[in-house]
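Enquirer: sequence? don't have it. structure:
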């Protein structure tokens, strides 16, 4: 059945055996991941999590029901998580919903499917399932989300600062959570000892500061300079800077290039296309951005944005391939820029 936000939050905070599966879908993958964390917290640190994927369910549809009904060897709670599943999982979900009994909570997270998909319809039509679609929040909602994240950490966040954090993070829930957590740690805030967030703390720790520090890496990747990229990656490694901090600035620059490229194709004037972006282009970066627009045409920049989104997802997943895979992805993009020049 279809769930609204309060219903899905309640179901994840207090799992009910009558609900066999919770399906989180829709384009806001970060929002779905944040909801899934609620189930993880509800199950407790000692709970055993069983991770399954689409290929496993396609090859063995009964596996999902078996895992949902199995007991932990050590008597701990168990729950099942399936990432990125789609239509190939319909048979597995049908078996789960028709099984005599299960017991362990099952959660599906899939940003690729829509409400019209067979998997979504199956869950929407079943009283033993809950389906919730996550959509990217608007500016007002994003600020409220940042404030709620802050309250959980004992941080009092003004509306103005919350809006600024949301803007810095492109309204991305996961990135906002990271920014809020850094401020809470910086101010030594906790639920037992709440603190007021300050603009000074945000200035010291914000994504803006990170982005300015890695501008050479952004220009190396999108400008096709392999040697410069290797140097910047070595510098990041020496400073123990995670690659999660570079994917968002790279994505922001790629989206900027796409906008300028589109304006350039409409007007035929690079100067007008650049001027239309106004303050989005830092004056020191203007020449670099202009070169990058000429490197990444409309066809290439679409693929670039897709690859950077995938790289960002890699940095968010605790079970993903990690920094090594992201490094390789950045090197691949840089080499493509070299060929495009």
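Expert: Looks like it came in fine. Here the structure is a predicted model, which means the values were calculated and not measured.
Enquirer: Model confidence for residue 209, exactly?
Expert: Looking at residue 209, its pLDDT is 51.
Enquirer: where do the strands sit along the protein?
Expert: With strands called from DSSP state E, the chain shows them at 21-25, 48-52, 78-83, 106-110, 129-133, 155-156, 195-196.
Enquirer: got the angle for the fifth one vs strand 106-110?
Expert: Just to be clear, that refers to strand 129-133. Between the axes of strand 129-133 and strand 106-110, defined by axes from the mean of the first three to the mean of the last three C-alpha atoms, to 10 degrees, the angle is 30 degrees.
Enquirer: Next, the angle strand 21-25 makes with strand 129-133.
Expert: Relative orientation of strand 129-133 versus strand 21-25 (the same axes, to 10 degrees): 10 degrees.
Enquirer: tell me the mean pLDDT for strand 129-133?
Expert: Average pLDDT, strand 129-133: 95.
Enquirer: what's the closest of the strands of the chain to residue 269?
Expert: For residue 269, the closest of the strands of the chain is strand 129-133, at 41.1 Å, according to C-beta to C-beta. Every residue, glycine included, has its C-beta placed from N, CA and C.
Enquirer: So what touches the closest one?
Expert: For strand 129-133, contacts defined as C-beta atoms under 8 Å, 6 or more residues apart in numbering pick out 1-5, 7-8, 11, 19-26, 35, 93, 97, 115, 120, 122-124.
Enquirer: Mind putting the strands of the chain into a markdown table with mean neighbour count?
Expert: Shown next, in a markdown table, are the strands of the chain (neighbours: other C-beta atoms under 10 Å):
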| stretch | mean neighbour count |
| --- | --- |
| strand 21-25 | 25 |
| strand 48-52 | 16 |
| strand 78-83 | 21 |
| strand 106-110 | 24 |
| strand 129-133 | 23 |
| strand 155-156 | 20 |
| strand 195-196 | 15 |
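Enquirer: need the ones you listed in CSV with distance to residue 62, can you?
Expert: Putting the strands of the chain into CSV (distance: least, C-beta to C-beta, whole Å) gives the following:
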stretch, distance to residue 62
strand 21-25, 15
strand 48-52, 12
strand 78-83, 13
strand 106-110, 14
strand 129-133, 18
strand 155-156, 46
strand 195-196, 51
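Enquirer: In this structure, which residue sits furthest out from the middle?
Expert: The C-alpha centroid of the chain is most remote from residue 100, which lies 36.0 Å away (C-alpha atoms, centre = their mean).
Enquirer: Buried only: go through the contacts of strand 129-133 for me.
Expert: 3, 8, 11, 19-26, 35, 93, 97, 120, 122-124 (16 or more other C-beta atoms under 10 Å).
Enquirer: ok, residue 161 touching residue 199?
Expert: Yes. With contact defined as C-beta atoms under 8 Å, residue 161 and residue 199 form a contacting pair (6.5 Å).
Enquirer: of these two, who's got more company?
Expert: residue 161 (23 against 12; other C-beta atoms under 10 Å).
Enquirer: List the residues that contact the more buried one.
Expert: 197, 198, 199, 202.
Enquirer: Select from the residues you listed the one having the most neighbours.
Expert: residue 197 (24 neighbours).
Enquirer: how about the nearest residue to that residue, chain neighbours excluded?
Expert: Closest residue in space to residue 197, ignoring its immediate chain neighbours: residue 157 at 4.8 Å, by C-beta to C-beta, 6 or more residues apart in numbering.
Enquirer: and the one you found, what is it in contact with?
Expert: Contacts for residue 157 (C-beta under 8 Å, 6+ apart) come out as 146, 147, 150, 151, 165, 180, 197.
Enquirer: so how far is residue 102 from it?
Expert: As for residue 157, its distance to residue 102 is 40 Å (criterion: C-beta to C-beta, to the nearest Å).
Enquirer: The closest residue to residue 331 other than its chain neighbours and residue 222, how far apart?
Expert: Nearest non-adjacent residue to residue 331, counting by C-beta to C-beta, 6+ apart: residue 229, 6.7 Å away. Taking C-beta to C-beta as the measure, residue 229 falls 10 Å from residue 222.
Enquirer: Look at these two and report which has more neighbours.
Expert: In this view residue 229 and residue 222 are compared by other C-beta under 10 Å, and residue 222 has more residues nearby, 27 against 23.
Enquirer: ok so, going back, just the ones of the buried ones among the contacts of strand 129-133 in helices?
Expert: Counting by DSSP state H, the part of the buried ones among the contacts of strand 129-133 found in helices is 8, 11, 35, 93, 97, 120, 122, 123, 124.
Enquirer: Please identify which of these is nearest to residue 292.
Expert: For those, with residue 292 as the reference and C-beta to C-beta as the criterion, the closest is residue 35, at 36.3 Å.
Enquirer: which residues does the nearest residue to residue 177 once chain neighbours are set aside contact?
Expert: Distances taken as C-beta to C-beta, 6+ apart place residue 149 nearest to residue 177, at 5.2 Å, with adjacent residues excluded. By C-beta under 8 Å, 6+ apart, the contact list for residue 149 reads 176, 177, 180, 181.
Enquirer: rerun at 10 Å
Expert: Counting by C-beta atoms under 10 Å, 6 or more residues apart in numbering, residue 149 touches 34, 155, 157, 162, 165, 173, 176-181, 184.
Enquirer: now residue 32
Expert: Residue 32 sits next to 8, 23-26, 83, 107-111, 132-134, 173 when contact means C-beta under 10 Å, 6+ apart.
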